[in-house]
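Participant: give me the fold of what follows.
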Amino acid sequence: ILFEFIPFIVLLATLYTISGGLRIEGDLPAHPSTNSAFMAIGAILANLIGTTGAAMVLIRPLLETNRERKHTSHTIVFFIFVVCNCGGCLLPLGDPPLFLGYLLGVPFLWTLRLWPQWLFVNGMLVLVYYLWDRLWSYPREQPKDIRLDEARVHRLRLAGVWPNVPLLVGVILAIMFLDPGKAFPGTEWHPWIYLREVAQLGLVALSLLLGRPATRRQNHFNYHAILEVAALFVGIFLCMQAPLQILHVRGPALGLAAPAQFFWFTGGLSSVLDNAPTYLTFFEMARSLGGPSQGLVAGVSDSLLVAISLGAVFMGAMTY
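Facilitator: Residues are numbered from 1 along each chain as shown. Predicted coordinates for the structure are as follows:
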């Protein structure tokens, strides 16, 4: 609770609250290329403000853009696949499992090495969506709905850039440089425990004090969602302690050794359980296997850590 749950939930709450002060509104022509561009931008944004933050910022303009169309269910599903899940694997800020890995010693920028897999998976998802929408859904729209969509257009407007975008940059810097387990760059000083979290909460306070309340009201911003996440995860973190301790001792006896095995087992369980504790479970199992010290990242074989990270992030989208 002290060393994993509190930093974890403070980060989620920080990104959620600051992103809640950002608003993009507008109504573009709901062409397949427009919707695909929303998803591609969201896949990049998810790594900087988290998948939850990116979803909060982009879902409203996407809905406004598509409100004149009738065949749009697949658009929301693919948005969930890309922006809410698979897009966030390049930085620990992007997806909760990767932040837990960072708390356990994985270097902050290590996940950037996953860019080929990120590009392939998200590129394929956006391409499949585009072809589905272009060849099947868009041609099925009624001509009157298409005409209405083309007529009701107003450009995108962005509100809340100040102070929230600089504050989000501050969150990234706080995560990178205020890790109590590492010396501050260029010094021998180790940041005090929870200084990182205090800094993040300070940035939240600045967002609430300096941001425009009207923007949050337009976003219908409230804390219900993050409180539900906190309640859910405190239960998950407590219940996962026994399996983690058992796996720490008995992990090697289960016979998992190859990256493919870790990928499919982590992904399979992430599909029906939450992907953050699943990541922790297989991280501990991989750590118990050991290996040559020069090939270890936070005590885990580099190839196994790649498999666990990708399985947890990419397959978490299969169920809510």
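Participant: quick one, strands of this structure?
Facilitator: Counting by DSSP state E, one finds strands in the chain at the ranges 23-27, 154-159, 296-297, 300-301.
Participant: distance between the third one and the chain's centre?
Facilitator: So the one you mean is strand 296-297. 23 Å (CA atoms, centre = their mean, to the nearest Å).
Participant: sheet partners, orientation included, of that strand?
Facilitator: strand 300-301 (antiparallel) (DSSP bridges).
Participant: kindly report the same for the longest one.
Facilitator: With DSSP bridges as the criterion, the sheet partners recorded for strand 154-159 are strand 23-27 (antiparallel).
Participant: name the residues of the partner strand that are buried.
Facilitator: Within strand 23-27, the residues that count as buried by 16 or more other CB atoms under 10 Å are R23, I24, E25, D27. C-betas here are computed from N, CA, C, even on glycine.
Participant: so where is the stretch 201-320 of the chain shaky, pLDDT-wise?
Facilitator: Within the stretch 201-320 of the chain, the ranges that satisfy pLDDT under 70 run 293.
Participant: helices of that one, residue ranges please.
Facilitator: Using DSSP state H, counting those that start in this stretch, the helices of the stretch 201-320 of the chain run over 213-218, 224-239, 241-250, 259-272, 275-289, 302-315.
Participant: if you count contacts, what does the shortest one end up packed against?
Facilitator: Using 3 or more CB pairs under 8 Å, 6 or more residues apart in numbering; DSSP states H and E, the elements in contact with helix 213-218 are strand 23-27.
Participant: what about the strand it packs on, distance to the chain center?
Facilitator: Taking mean C-alpha positions (CA atoms, centre = their mean), strand 23-27 and its chain are 22 Å apart.
Participant: cool, and stretch 28-45?
Facilitator: Here stretch 28-45 is found 18 Å from its chain centre; the criterion is CA atoms, centre = their mean.
Participant: on that earlier part again, the buried residues of strand 23-27 into CSV, with extra columns for distance to I226?
Facilitator: CSV is the format used below for those (distance: CB to CB, whole Å):
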residue, distance to I226
R23, 18
I24, 20
E25, 23
D27, 29
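Participant: nearest to N85 among those residues?
Facilitator: Using CB to CB, I24 comes nearest to N85 of these, at 20.5 Å.
Participant: quick one: closest of the strands of the chain to T65.
Facilitator: strand 23-27 (5.7 Å).
Participant: what's the average pLDDT for the closest one?
Facilitator: Mean per-residue pLDDT for strand 23-27: 91.
Participant: just the residues contacting it, thanks.
Facilitator: 57-58, 60-61, 64-65, 67, 152-160, 215, 218-219 (CB atoms under 8 Å, 6 or more residues apart in numbering).
Participant: in ChimeraX, how would I select just the buried ones from those residues?
Facilitator: Here is the ChimeraX selection string for the buried members of the contacts of strand 23-27, based on 16+ other CB under 10 Å:
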select :57,58,60,61,64,65,159,160,215,219
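Participant: coming back round to it: need the helices of the stretch 201-320 of the chain in JSON lines (columns: distance to S19).
Facilitator: JSON lines is the format used below for the helices of the stretch 201-320 of the chain (distance: least, CB to CB, whole Å):
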{"stretch": "helix 213-218", "distance to S19": "11"}
{"stretch": "helix 224-239", "distance to S19": "11"}
{"stretch": "helix 241-250", "distance to S19": "31"}
{"stretch": "helix 259-272", "distance to S19": "24"}
{"stretch": "helix 275-289", "distance to S19": "19"}
{"stretch": "helix 302-315", "distance to S19": "19"}
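Participant: of all those helices, which one comes closest to G123?
Facilitator: helix 302-315 (13.0 Å).
Participant: list the contacts of the residue nearest to G53 when sequence neighbours are not counted.
Facilitator: In space, G53 comes closest to S19 once its chain neighbours are excluded; the distance is 3.4 Å by CB to CB, 6 or more residues apart in numbering. Residues near S19 by CB under 8 Å, 6+ apart: I49, G50, T52, G53, A54, M56, V57, N164, L168.
Participant: go again using 6 Å as the cut-off
Facilitator: Listed by CB atoms under 6 Å, 6 or more residues apart in numbering, the contact partners of S19 are I49, G53, M56, V57.
Participant: beta partners of the residue nearest to P61 when sequence neighbours are not counted?
Facilitator: The shortest distance from P61 to any non-neighbouring residue, by CB to CB, 6+ apart, is to I24 (4.7 Å). Assessed by DSSP bridges, I24 has beta-bridge partners L158.
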